[in-house]
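1. Below are the sequence and a predicted model for it; my questions follow.
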Amino acid sequence: MKVDKELSLAGPVDTKPIMSDRKGSLKVTITPAQHKTLTHLPKRPPVDLAFTDLTYRVQEGRKSNVKTILKSVSGRLRSGELTAIMGPSGAGKSTLLNILTGYKTSGMEGSITVNGMERNLSSFRKLSCYIMQDNQLHGNLTVEEAMSVATALKLPSATSSADKEEVIQEILETLGLSEHHKTMTSNLSGGQKKRLSIALELVNNPPIMFFDEPTSGLDSSSCFQCISLLKTLARGGRTIICTIHQPSARLFEMFDHLYTLADGQCVYQGSTGRLVEWLGSLGLQCPSYHNPASFIIEVSCGEYGDNTGKLVRAIDNGKNDIRDGVPFPDSKIPAYNNKRDMEASLATTRDKNDLSQLQEKFRDANGNGGNLQNGILQYAVNEVAKGEPLVVQMETEKQDNAEVALLGDEASPRRYATSEFKQFWVVLKRTLLFSRRDWTLMYLRLFAHILVGFLIGALYYDIGDDGSKVLSNLGFLFFNMLFLMYTSMTITILSFPLEMPVLVKEHFNRWYSLRSYYLAITVSDIPFQAIFCVIYVVIVYLLTSQPAVWFRFAMFLSSCLLISFVAQSVGLVVGAAMNVQNGVFLAPVMSVPFLLFSGFFVSFNAIPKYLRWITYLSYIRYGFEGTALATYSFDRPKLQCHQTYCHFKNPEITLEELDMKDADITLDIAALCLIFVVLRVSAFLFLRWKLKSTR
Ligand SMILES: Nc1ncnc2c1ncn2[C@@H]1O[C@H](COP(=O)(O)OP(=O)(O)OP(=O)(O)O)[C@@H](O)[C@H]1O
């Protein structure tokens, strides 16, 4: 009986005798009494995170101007607990979260340990996930598709499709999303989006999960659901940490652990249930019926006088931890009058979900026992049957678990769960699916190419073989460059930055490498751009009666295709390096010199010598030269002339006038290919820099 009583006090658990292997010893399995459990997730170890004397500084303006945002704070965040990081606006909550997740690494001093060992950021990133405030989801996928992408990228390739499907179904059911599995992400409610964000990261069962303001933008009922869900996750042995602004009293009660910051210092760390008692012991009485969460924020803001220094000293800037059932640190006020009272209180007030500590307790003499299986703690408890009293060690270090964490899958040198080819393939398929779904943009692009093609065809109708209209034909060749350049460049400038937030989240949470992602998005748009370009070129080439010779058409088309790919790459560089507003202005402005030096407005010999180098950089020049050579070079016969005198009847004269007599189309094509490669590599480097600089 004692066993049952002790265990039920320890948490909302079911106790099942599973076998009796030794005389007098009874093996008991304890599982949390959750309605739904996640039984198909990969096994992961519990993780405790601690930080000591953490200082974070940023440089503002001039080098000497340094701002200290976090001031030597310490703290400890345990597995099996739901922790809230609270504080007034600007206190440093997001900064602390960003440092703990590993999102911010520079400008930081102090130590961060995982299960008592110095944190290895690479291993830690595999153990943790960071769910940012704005859900960062792709709106063009259904819930099921989004989950399939997550399982394909986050579970090892060896996992069978059936197992992946089971993981998806189980998570969706547990998170109450199975009814919406066919709903497009963009149509989900705020609360459902939040749950989907959690579901996506839950796929590989990270033992430590960070949330930045998970309740922002949710109504009170959704807030409650969201925090209940986080609590359930914590019950499964995970370490759940979230920043929260000012929760209602009902929400506040659901948190196990509270970490409060004020002006970059810790003013409270400990059990939420003992906050009022602790503040009272320091002479700060929380008025009756007042929300303790509001009270600590008001105190931190100085509404009850300047108490920050006193609170920081009392809690030793986070080195002290107010735990249930233990006396206040360095305090004369004993929490309990005698040991018996303390034990009684321990039994009743012990955090019911503190399964990680139970795990330590139930470790048997051989070191076997508690292990986290599939998100559910299961114990083979021999000692309990012997009637040993249950005492929870609040400060137990989890060295053994650290080893588990580092010797398991997390210690492998592989950064990602899948190969780079698999990542490339999954991201490519997803991007192609977006293109298929986002038909408005596709139709618009197709429509624009066909419409402009016919318009140009009508304007320059049948001029290609007319010796008196060669100048107009050159204008047509130049316009082709202009049109193809702008259409392919602006699309990328506008669409690429919109992808950035999702890329930042997924890349940070180790879904895929930047290389795989970049290759996939680079490859994904090329076929569409090529098809649109071919359609346009066929229309204008035929309508304007350019030479009906296959090799000339092939060269003309190649030059046009390369121009549109190069311009797309320029868009990628600009999109990767800056936001939409700056990009939309800067890209066309930057293109002006290339247009001026294209050879259409001024021939090469007429350009001042000190400016000629710009012509070598002008990709428009290579494209224009390519189409001009395809049209007039290679011994083209004299053009027809329906007037008394046609100066440009002989194509040689046209080439001479353009300073293209000795030009070589192979060089133009090679130069365009080279510029294409250089720009694509530059875009990748810019993207890498951008990802680093946003952190
Ligand atoms: N890169 C930076 N340069 C200058 N100051 C910064 C920088 N990052 C953060 N800060 C400052 O550090 C302080 C803490 O910022 P942080 O975003 O962590 O606060 P917070 O507690 O999350 O606030 P909120 O609840 O309003 O989001 C703020 O005063 C902010 O202005």
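-> Great, that's in hand. Predicted, not measured: the structure shown is a model, and the values here were computed from it.

2. gap between the residue in the stretch 401-550 of the chain that the ligand sits nearest to and S222?
-> Among the residues of the stretch 401-550 of the chain, V504 lies nearest to the ligand; the distance is 16.1 Å by C-beta to the nearest ligand atom. From N, CA and C alone the C-beta is placed, and that goes for glycine too. Note on V504: its distance to S222, by C-beta to C-beta, to the nearest Å, is 25 Å.

3. so what's the residue of the stretch 401-550 of the chain closest to the ligand up against?
-> Q136, L691, T694 (C-beta atoms under 8 Å, 6 or more residues apart in numbering).

4. Excluding chain neighbours, what is closest to the last one?
-> Going back to what we said before, that points to T694. V504 (6.2 Å; C-beta to C-beta, 6 or more residues apart in numbering).

5. Confirm that neighbour sits in a helix?
-> Yes - assessed by DSSP: H, G, I helix; E, B strand; the rest coil, V504 belongs to a helix.

6. Stretch 260-271 near the ligand anywhere?
-> No - Stretch 260-271 does not reach the ligand (C-beta under 6 Å from any ligand atom); its nearest approach is 6.7 Å.

7. Restricting to C-alpha, output that stretch in CSV.
-> The C-alpha trace of stretch 260-271 is given here as CSV (Å, rounded to 0.1, in the frame of the first residue of the first chain):
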residue,chain,number,x,y,z
THR,A,260,12.3,36.2,-13.4
LEU,A,261,14.5,38.9,-14.8
ALA,A,262,14.6,42.6,-14.1
ASP,A,263,17.1,44.9,-15.8
GLY,A,264,19.2,41.9,-16.9
GLN,A,265,19.4,40.4,-13.4
CYS,A,266,17.6,37.5,-11.8
VAL,A,267,15.1,38.6,-9.2
TYR,A,268,13.4,35.2,-8.6
GLN,A,269,14.2,31.6,-9.4
GLY,A,270,12.2,28.8,-8.1
SER,A,271,8.8,27.1,-7.7
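
8. mean confidence for that stretch?
-> Mean per-residue pLDDT for stretch 260-271: 92.

9. next one: stretch 649-658
-> For stretch 649-658, the per-residue pLDDT averages 87.

10. got it, and stretch 231-247?
-> pLDDT averaged over stretch 231-247 gives 87.

11. Walk me through the domains of the chain.
-> Domain segmentation of the chain under automatic domain parsing yields 49-318, 420-693.

12. Could you export those domains as TSV, including distance to V326?
-> Putting these into TSV (distance: least, C-beta to C-beta, whole Å) gives the following:
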stretch	distance to V326
domain 49-318	10
domain 420-693	36
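
13. D324 is nearest to which of those?
-> For D324, the closest of these is domain 49-318, at 4.8 Å, according to C-beta to C-beta.

14. what's the spacing between the closest one and its chain's center?
-> 16 Å (C-alpha atoms, centre = their mean, to the nearest Å).

15. Do me a favour and get the end-to-end distance for it?
-> 13 Å (C-alpha to C-alpha, to the nearest Å).

16. returning to what we had before: distance of the residue nearest to T694 relative to W511?
-> Distance from V504 to W511, by C-beta to C-beta: 11 Å.

17. same deal with T215?
-> Taken as C-beta to C-beta, the span from T215 to W511 is 25 Å.

18. One more: N320?
-> 38 Å.

19. the more surrounded of T215 and W511?
-> A direct count of neighbours by other C-beta atoms under 10 Å for T215 and W511 places W511 higher, at 28 against 25.

20. My read is that K71 contacts Q265, right?
-> Yes - using C-beta atoms under 8 Å, K71 is in contact with Q265, at 5.1 Å.

21. list residues touching both of the two?
-> N317.

22. ok, the two, which is more surrounded?
-> When neighbours are counted by other C-beta under 10 Å, K71 and Q265 differ, and Q265 comes out ahead with 23 against 18.

23. tell me the contacts of the nearest residue to that one once chain neighbours are set aside?
-> Nearest non-adjacent residue to Q265, counting by C-beta to C-beta, 6+ apart: V312, 4.6 Å away. By C-beta under 8 Å, 6+ apart, V312 lies in contact with A262, Q265, C266, V267.

24. how much space is there between the closest residue to V602 other than its chain neighbours and the ligand?
-> Closest residue to V602 apart from its sequence neighbours, by C-beta to C-beta, 6+ apart: L596 at 7.4 Å. Distance, L596 to the ligand, by C-beta to the nearest ligand atom, to the nearest Å: 40 Å.

25. How about S160?
-> Following C-beta to the nearest ligand atom, the distance that separates S160 from the ligand is 43 Å.

26. number of nearby residues for the closest residue to the ligand within the stretch 251-400 of the chain?
-> Closest to the ligand within the stretch 251-400 of the chain is L261: 6.7 Å, counting by C-beta to the nearest ligand atom. Residues near L261, counting by other C-beta under 10 Å, number 28.

27. So E657 is in contact with V602, correct?
-> No - at 11.9 Å, E657 does not count as touching V602 under the criterion of C-beta under 8 Å.

28. which SSE is the residue nearest to Q265 in?
-> helix 308-314 (DSSP states H and E).

29. Low-confidence ranges, the stretch 401-550 of the chain, go.
-> Within the stretch 401-550 of the chain, the ranges that satisfy pLDDT under 70 run 401-413.

30. One more pass at 50, please.
-> 401-410 (pLDDT under 50).

31. likewise the chain?
-> Ranges of the chain meeting pLDDT under 50: 1-35, 331-339, 341-410.

32. Which residue lies nearest the spatial centre of it?
-> K505 (0.6 Å; C-alpha atoms, centre = their mean).

33. check contacts around the residue nearest to that residue when sequence neighbours are not counted.
-> Spatially, and ignoring its direct neighbours in sequence, K505 is nearest to Q136 (4.3 Å; C-beta to C-beta, 6+ apart). Taking C-beta under 8 Å, 6+ apart as the criterion, Q136 is in contact with S197, P501, V502, V504, K505, E506.

34. Among these, give me the pair with the biggest separation.
-> Maximum distance among those (C-beta to C-beta): 13.6 Å, for S197 and V504.

35. So which residues on the stretch 1-150 of the chain come close to the ligand?
-> Residues of the stretch 1-150 of the chain lying near the ligand (C-beta under 6 Å from any ligand atom): V58, E60, K67, I69, G87, S89, G90, A91, G92, K93, S94, T95.

36. So which of these are in helices?
-> K93, S94, T95 (DSSP state H).

37. and those residues as TSV, adding neighbour count?
-> Formatted as TSV, these follow (neighbours: other C-beta atoms under 10 Å):
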residue	neighbour count
K93	23
S94	18
T95	22
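
38. TSV please, covering these and showing distance to G305.
-> Putting those into TSV (distance: C-beta to C-beta, whole Å) gives the following:
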residue	distance to G305
K93	23
S94	27
T95	26
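
39. Could you point out which of those residues is nearest to I168?
-> Checking those one by one against I168 (C-beta to C-beta), the nearest turns out to be S94, at 31.2 Å.

40. Am I right that the closest one is in contact with S216?
-> No - the criterion here is C-beta under 8 Å, and S94 misses it with S216 at 11.6 Å.

41. List, one by one, the residues from this protein near the ligand.
-> V58, E60, K67, I69, G87, S89, G90, A91, G92, K93, S94, T95.

42. What about the nearest residue to the first one once chain neighbours are set aside, how many residues nearby?
-> If you skip the residues right next to it in sequence, V58 has K67 as its closest partner in space, 5.3 Å away by C-beta to C-beta, 6+ apart. Under the neighbour criterion other C-beta under 10 Å, K67 is assigned a count of 12.

43. residues touching K67, list them.
-> R57, V58, Q59, E60 are the contacts of K67 under C-beta under 8 Å, 6+ apart.
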